[in-house]
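K.L.:
I'll drop the sequence and a predicted model, then ask my questions.
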Amino acid sequence: MQRQDFNREWTVKKVPKGMAYSAPGSEGRNVTLPHDAMVWEERSADSPSSSEGGYFAGGNYEYVKQFYLDESEKENTFFLEFQGIQNSGYVYVNGTLAGSVQGGYTRLISDVTHCLQFGVKNTVLVRAVNTAMTNSRWYTGSGIYRPVYLYKGRKIRIDVDGLRISTPEISEGIAAVKVDTTVCYDEKVRKTVALKTEILGPDGDVAAAESSRITLFEQSKTVQTQRIYVKEPQLWSVDTPCLYRCRVSVCDGETVLDVAESTFGIRRLELDPVHGLRINGTKILLRGGCIHHDNGPVGAATLERAEERRIELLKEAGFNSIRMSHNSSSEALLDACDRLGMLVMEESFDMWTQIKRPFDYSLVFADNWEKDLEDIVQKDFNHPCVFMYSTGNEIKEIHTPAGAQWSRRLAEKIRSLDATRYVTNAINGMIGIMGDLPVVMKDMHMTVPERTPGGGINDTMTALMGAMNYLSSHPKVEEGLKETYGTLDLIGLNYMRDVYDQMKQYPNRVFYGAETLPPDIAPNWKKVKQLPACIGDYTWTAWDYLGEAGIGIVTYDGRLRFAKPYPAYLAYCGDFDITGYRRPMSYLREIVFGLRKAPYLAVQLPEHYGKEPMCTPWSLPVTVSSWTWKGYEGKNCVVEVYSDAPEVELFVNGSSVGRQPAGEAEQYRVLFETVYTPGEIRAVAYYEDGTTDSYCLHTAKDEVSLCLTPDRIKIGKMILFMWQSSFVMQTGRCRHRQTAKCA
């Protein structure tokens with residue numbers, strides 16, 4: 001089917017509170033989709049979305065678009081695809097309900113042919129309903145926040161999502177490509193057509209081809225499977241993300257009736273507890289990061305360039321895998337990961353049958369889980385970047401027999417849809433012992449902390465700091481999860497590092513850190529390197545996000561708490577801040593991964609010197625890579641040096657402040673106390689072979705130079721100047737310039 005962009009010339013208006021639909025005659029404002037209505041709402045301390053939604057307001061919104069279809073189009077079939085409507089959507093075409101969807105991350109694909117009129121304008125009205133708060137543990141956005149497409153096809157056509165491509169066999173010099181094509185036929189008379197399939201290589205040339213004859217019977221869908229062999233295939237991996245294109249044509253003699261195309265990658269996945277994860281026979285450790293779906297200043301709007309830019313920057317910082325948390329990813333994100341070589345752990349649900357928030361997905365889970373999984377797998381199937389599906393995150397009932405049965409049901413459903421990838425779940429061991437926490441802590445010779453306000457799992461984890469890693473090693477956790485573990489191909493462990501060594505007694509288990517604390521990267525990665533069955537680590541988080549306001553914000557008021565009050569709206573726990581600027585934690589992680597040899601310098605804010613920082617488990621004291629602290633001349637400060645070298649030395653204006661052990665033994669992070677004196681600060685790393693490396697910062701002069709370079713020159717036919725800003729003198733780096741890219 002032909003896919004047409006359907007994102008322009010919409011209007012949107014908010015439905016007045018208490019009304020089922022908008023007031024007659026009320027006008028909407030012009031928008032181009034994708035569009036997040038929530039990010040434009042006024043925030044307030046008493047917003048029902050609370051800290052979890054960043055104190056943004058919800059609402060009901062009406063989107064309207066008119067479009068014309070000529071009389072000559074009458075014989076065609078039309079579908080509308082909405083890739084995401086928050087939190088539920090109802091689509092009307094010329095007043096007729098064409099489809100609805102519950103849950104903001106599931107696509108809605110509707111046959112709208114019977115609703116259309118020809119020779120006149122058609123009206124599409126979408127009601128996006130997002131007033132029931134709270135319905136999520138993070139910022140969701142509102143409205144039609146992902147793209148919309150119109151599909152047009154003839155009586156004989158390839159179905160929407162009608163191509164499924166896999167590479168079941170790869171051997172020396174040749175690969176089998178399996179193409180399943182679904183052909184739709186609306187007529188009543190039997191018809192024979194040809195299905196011509198071409199595999200185009202990364203260079204654009206035809207690498208292989210096949211033609212099959214298909215007889216179509218009345219009003220049917222026919223699936224044709226073709227095995228096509230590509231010689232000397234260029235394999236897809238994170239380092240060489242080679243992509244092929246499959247082009248399928250339905251032909252009646254010399255007449256081409258329909259064409260469908262999809263990119264894919266030729267790659268082989270292997271997993272076992274001895275070799276870990278292998279791609280094309282090469283072992284890979286997952287340098288992972290969790291991300292949410294919002295794009296910061298533009299809210300949840302899924303802009304293609306924003307998705308691509310995020311993956312570009314994460315890849316440059318050393319990540320090779322992302323975990324979509326805790327929902328299905330956008331098509332644009334998967335496309336970017338395919339092109340750039342980023343593995344994706346695709347996640348389905350944040351809850352099953354037990355609620356986490358009053359109006360969350362658990363209310364509709366029982367009715368929707370199966371078709372939602374079908375949608376996820378159908379969307380992801382041709383993307384080589386997707387290598388495992390997660391059936392859920394920190395599911396409350398997963399420690400029970402009923403929860404294990406649900407885990408089995410979901411896992412088997414995915415396996416029936418896609419046998420080429422692995423099934424996992426992100427499990428938090430603390431959840432299963434919350435009711436017995438005092439007893440468990442006594443068993444483990446720990447003092448029960450005073451609960452922070454709220455008393456939920458996140459509040460308890462905050463009060464416990466890193467102790468949840470230790471508590472998860474209690475026998476009650478293993479006993480409660482043993483059945484669930486057996487339903488999965490590999491096990492995701494959230495904040496359960498002390499369980500890793502216990503896994504040795506189960507020789508058939510493969511596992512990884514599905515969600516871990518940023519300050520724990522050194523001990524976590526040490527375990528990943530030591531244990532063959534542990535395939536990687538995913539930090540919370542790789543990129544900052546809206547909602548869960550303040551879980552990483554450091555305070556100095558003597559109060560430790562998970563959520564922060566209004567006006568906080570960012571989580572503030574990402575290696576990258578909300579604009580895409582690398583925070584010092586990102587450089588520490590890069591050093592721990594073994595990807596950076598030069599040391600790195602960051603300075604704790606001098607204004608807080610001597611104060612007790614109230615860090616949550618997701619944070620360290622705030623640092624900035626700068627040696628410009630006007631007004632603090634002659635005052636004490638703390639300098640952090642990150643290095644993998646056995647020793648580092650700090651110099652201020654050429655004078656040594658001291659030399660200290662560093663490297664893995666010190667978790668790659670060393671603190672120096674010194675006095676702020678304008679000029680130069682330098683860290684020197686000393687290696688065992690006698691070599692050194694260094695990194696320095698300079699105090700900014702009164703004059704500041706601004707260097708601007710374009711992020712891109714062209715987007716389609718539009719010339720845009722998207723700037724990178726590099727404040728060279730302001731940051732005072734002498735080795736390189738740190739750029740902040742803007743999209």
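P.N.:
That came in fine, so what should we check first?

K.L.:
Give the helix, strand or coil label for residue 287.
P.N.:
Residue 287 falls in the strand class when you classify it by DSSP: H, G, I helix; E, B strand; the rest coil.

K.L.:
count of residues packed around it?
P.N.:
Using other C-beta atoms under 10 Å, residue 287 has 26 neighbouring residues. To be clear about C-beta, it is placed using only N, CA and C from the backbone, and glycine gets the same treatment.

K.L.:
so what's the residue sitting nearest the centre point of the chain bridging to?
P.N.:
Using C-alpha atoms, centre = their mean, the residue of the chain that lies closest to the mean C-alpha position is residue 324, 3.2 Å off. On the basis of DSSP bridges, residue 324 is bridged to residue 291.

K.L.:
and if you look at residue 209?
P.N.:
residue 198.

K.L.:
Would you agree it is in contact with residue 200?
P.N.:
No - look at residue 209 against residue 200 with C-beta atoms under 8 Å: they stay out of range, at 9.6 Å.

K.L.:
The two: who's more crowded?
P.N.:
Per other C-beta under 10 Å, whichever of residue 209 and residue 200 has more neighbours is residue 200, with 18 against 13.

K.L.:
Now for the more buried one: which residues touch it?
P.N.:
Taking C-beta atoms under 8 Å, 6 or more residues apart in numbering as the criterion, residue 200 is in contact with 206-207, 244-247.

K.L.:
Now do the strands in the stretch 501-650 of the chain.
P.N.:
Assigned by DSSP state E, counting those that start in this stretch, the stretch 501-650 of the chain shows strands spanning 511-516, 534-539, 600-604, 623-624, 636-642, 647-652.

K.L.:
coming back round to it: need the pLDDT of the residue nearest to the centre of the chain.
P.N.:
We note a pLDDT of 97 for residue 324 in this prediction.

K.L.:
For it, give its distance to residue 506.
P.N.:
28 Å (C-beta to C-beta, to the nearest Å).

K.L.:
count of neighbours near the residue lying closest to residue 83 once chain neighbours are set aside?
P.N.:
Spatial nearest neighbour of residue 83, excluding adjacent residues (C-beta to C-beta, 6 or more residues apart in numbering): residue 146 at 3.7 Å. Counted with other C-beta under 10 Å, residues neighbouring residue 146 total 28.

K.L.:
Am I right that the residue nearest to the centre of the chain is in contact with residue 288?
P.N.:
No - under the criterion of C-beta under 8 Å, residue 324 is not in contact with residue 288, lying 11.2 Å apart.

K.L.:
Residues that sit against both of the two, list them.
P.N.:
Shared contacts of residue 324 and residue 288 (C-beta under 8 Å, 6+ apart): residue 345.

K.L.:
Give me the number of neighbouring residues for the closest residue to residue 391 other than its chain neighbours.
P.N.:
Leaving aside its chain neighbours, residue 391 sits nearest to residue 410 (4.1 Å; criterion: C-beta to C-beta, 6+ apart). Neighbour count for residue 410, taken as other C-beta under 10 Å: 24.

K.L.:
now do residue 431
P.N.:
Neighbours of residue 431 (other C-beta under 10 Å): 21.

K.L.:
Check what pLDDT it gets.
P.N.:
On the pLDDT scale, residue 431 gets 93.

K.L.:
List the beta-bridge partners for the spatially closest residue to residue 627 that is not a sequence neighbour.
P.N.:
With C-beta to C-beta, 6+ apart as the criterion, residue 627 has its nearest non-adjacent residue at 4.0 Å, and that residue is residue 697. Note on residue 697: beta-bridge partners by DSSP bridges are residue 681, residue 733.

K.L.:
In this structure residue 697 contacts residue 626, no?
P.N.:
Yes - here residue 697 reaches residue 626: they are 6.4 Å apart, a contact under C-beta under 8 Å.

K.L.:
For those two, indicate the residue with more neighbours.
P.N.:
residue 697 (24 against 19).

K.L.:
Surely residue 523 is in contact with residue 669?
P.N.:
No - taking contacts as C-beta under 8 Å, residue 523 lies outside contact range of residue 669: 11.9 Å.

K.L.:
the more surrounded of those two?
P.N.:
Taking neighbours as other C-beta under 10 Å, residue 523 and residue 669 compare with residue 669 leading, 21 against 18.

K.L.:
and that one, what does it touch?
P.N.:
By C-beta under 8 Å, 6+ apart, the contact list for residue 669 reads 522, 588, 640-642.

K.L.:
what do you get if the cut-off is 6 Å, keeping everything else the same?
P.N.:
residue 642 (C-beta atoms under 6 Å, 6 or more residues apart in numbering).

K.L.:
Repeat that for the one 3 residues further on.
P.N.:
When the contact criterion is C-beta under 6 Å, 6+ apart, the partners of residue 672 are 639, 650, 657.

K.L.:
correct me, but the second one touches residue 657?
P.N.:
This means residue 650. Yes - counting by C-beta atoms under 6 Å, residue 650 does reach residue 657; the two are 4.2 Å apart.

K.L.:
Give me the more crowded residue out of the two.
P.N.:
Neighbours around residue 650 and residue 657, counted as other C-beta under 10 Å, are more numerous at residue 650. The numbers are 24 against 17.

K.L.:
Give the full set of residues in contact with the more buried one.
P.N.:
When the contact criterion is C-beta under 6 Å, 6+ apart, the partners of residue 650 are 657, 672, 683.

K.L.:
and the gap between it and residue 684?
P.N.:
For residue 650 relative to residue 684 (C-beta to C-beta), the value is 8 Å.

K.L.:
Let's have the contacts of residue 672 in CSV, adding distance to residue 432.
P.N.:
Converted to CSV, these look like this (distance: C-beta to C-beta, whole Å):
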residue, distance to residue 432
639, 42
650, 46
657, 48
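
K.L.:
Output the longest strand belonging to the chain.
P.N.:
strand 156-171 (DSSP state E).

K.L.:
residues making contact with that strand?
P.N.:
Residues from elsewhere that reach strand 156-171, judged by C-beta under 6 Å, 6+ apart: 1, 79, 109, 151, 175-185, 246, 250, 257-258, 260, 262, 264, 266, 268, 378, 381-382, 420.

K.L.:
same check, this time on stretch 258-265
P.N.:
Stretch 258-265 has contacts (C-beta under 6 Å, 6+ apart) with 157-158, 162-163, 165, 236, 243-250, 382, 384.

K.L.:
what do you get if the cut-off is 8 Å, keeping everything else the same?
P.N.:
1, 153-154, 156-158, 162-163, 165, 167, 177, 181, 235-236, 241-250, 335, 338, 382-385.

K.L.:
Please apply the same query to stretch 1-8.
P.N.:
With contact meaning C-beta under 8 Å, 6+ apart, stretch 1-8 is reached by 32-34, 65, 67, 77, 79-80, 147-153, 157-160, 162, 258, 260.

K.L.:
Give the buried subset of the residues you listed as a ChimeraX selection command.
P.N.:
Applied in ChimeraX, the following selects the buried portion of the contacts of stretch 1-8 according to 16 or more other C-beta atoms under 10 Å:
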select :33,34,65,77,79,80,147,148,149,150,151,152,153,157,158,159,160,162,258,260
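
K.L.:
Sitting in strands, which of the contacts of stretch 1-8 do you find?
P.N.:
Using DSSP E, the contacts of stretch 1-8 in strands are 65, 67, 77, 79-80, 148-153, 157-160, 162, 258, 260.

K.L.:
hang on, the earlier thing: so what strands line up beside the longest strand of the chain?
P.N.:
Applying DSSP bridges, strand 156-171 is found paired with strand 174-185 (antiparallel).

K.L.:
doesn't residue 144 make contact with residue 80?
P.N.:
No - using C-beta under 8 Å, residue 80 is not in contact with residue 144, being 11.3 Å away.

K.L.:
and residue 477, what helix or strand is that in?
P.N.:
In this assignment (DSSP states H and E), residue 477 forms part of helix 475-485.

K.L.:
Report the buried residues of that helix.
P.N.:
476-478, 480-481, 483-485.

K.L.:
How about stretch 95-112?
P.N.:
98-99, 101-110, 112.
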